[in-house]
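What follows is a predicted protein model with its sequence.
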Amino acid sequence: EARAKTRQRPGKDKTTTRLRRARRRRRGSACEAEVSVDNRERRFQGRRTVDRDMGNIVVAPPNRAMIISGYRGQRILIGKCGFALFCIEEAHSLSLEIITITVNSTEAETVKGVKINLKSFAQVKVKSTVDGKLDINSIKLAATNFLSARESEIEDALQKTLEGHQRQIVGTLTVEELYKDRAAFSERVYEHVVDDLERLGFELASYTVASIGDLNGYMESLGKTQTA
């Protein structure tokens with residue numbers, strides 16, 4: 001019996017040894033996994049720290065102007081990429097796309113006191129080019145006036161400017177002149193509004209009259225007279 005017991009002990013010892021080795025391997029693999037995860041986090045945090053220390057890459061698509069301002073002055077990027085230093089420089093974007101604005105003049109008085117309702121459409125954009133060359137001064141003007149404004153606020157400011165000029169021109173013409181030659185009226189509005197828009201850094205791409213009417217039926221009777 002003693003010999004049987006001594007014979008069983010080596011087997012138990014071997015099993016115990018194998019279990020211990022398996023546990024060590026598991027602990028070792030778990031430790032290696034933790035170390036690898038820690039290393040990855042450290043490398044990631046290191047890259048993130050470098051990005052924070054150096055700055056951010058700024059990409060400007062062709063339909064937006066990226067204005068980088070700060071330590072190195074002001075730079076304007078269109079269709080390019082640049083670099084804004086962290087903490088001492090910041091980048092903002094300004095849309096260069098066409099803005100379509102509906103201009104309504106309700107009960108606008110003509111030169112003879114007839115009240116009319118006039119509706120037109122204007123297409124306005126930042127004046128980014130002149131003769132195919134980049135117009136830096138106009139972009140700076142637009143950025144100075146509207147860089148921190150929302151697109152709805154920009155559209156509202158432009159709409160009020162256009163509506164004021166439209167109503168002013170209506171007051172210098174008769175109903176007959178408006179009815180007969182809308183193209184001449186559009187040209188006069190265009191000539192008057194161009195200067196004010198340029199002071200804001202914008203330009204008028206197109207302006208068309210959509211409809212002219214009144215509440216008293218004067219325009220309708222005028223149309224019947226013209227067809228008769």
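All right, it came through fine. Residues are numbered from 1 along each chain as shown.

could you pull out the helices for this protein?
Applying DSSP state H to the chain gives helices spanning 2-54, 136-146, 151-170, 175-180, 182-200, 218-227.

between those helices, which gets the lowest average pLDDT?
Ranked by mean pLDDT, the helices of the chain end with helix 2-54 at the bottom, a mean of 50.

For the residue positioned nearest the centre of the chain, give the beta-bridge partners.
Of all residues in the chain, the one closest to the mean position by C-alpha atoms, centre = their mean is S95, 4.9 Å from it. Here S95 sits in beta bridges with R64, going by DSSP bridges.

now the one 4 residues further on
Here I99 sits in beta bridges with V124, going by DSSP bridges.

if I read this right, it contacts F121, doesn't it?
No - using C-beta atoms under 8 Å, I99 makes no contact with F121, being 11.1 Å away. For the C-beta atoms, the positions are set from N, CA and C on the backbone; glycine is no exception.

So if I had to pick from those two, which one is more boxed in?
I99 (17 against 13; other C-beta atoms under 10 Å).

For the more buried one, give me its contacts.
Contact analysis of I99 by C-beta atoms under 8 Å, 6 or more residues apart in numbering lists 123-125, 151, 154-155, 158.

can you check G79 too?
Contacts of G79 (C-beta under 8 Å, 6+ apart): 60-62.

V103 now?
Here V103 is in contact with 119-122, 159, 162-163, 166 (C-beta under 8 Å, 6+ apart).

and it, bridged to which residues?
S120.

and the gap between it and V194?
Counting by C-beta to C-beta, to the nearest Å, the separation of V103 from V194 is 15 Å.

try T172
17 Å.

who has more neighbours, those two?
A count of neighbours by other C-beta under 10 Å puts V194 above the other of T172 and V194, at 15 against 11.

Skipping adjacent residues, who's closest to that one in space?
Using C-beta to C-beta, 6 or more residues apart in numbering and skipping the chain neighbours, the partner closest in space to V194 is L204 (6.0 Å).

Who wins on neighbours among the contacts of G79?
That'd be A60 among the contacts of G79, by other C-beta under 10 Å, with 21 neighbours.

pLDDT at that residue, what is it?
For A60, the model assigns a pLDDT of 91.

out of the contacts of G79, which one sits closest to D181?
Nearest to D181, judged by C-beta to C-beta, of those is P62 at 38.4 Å.
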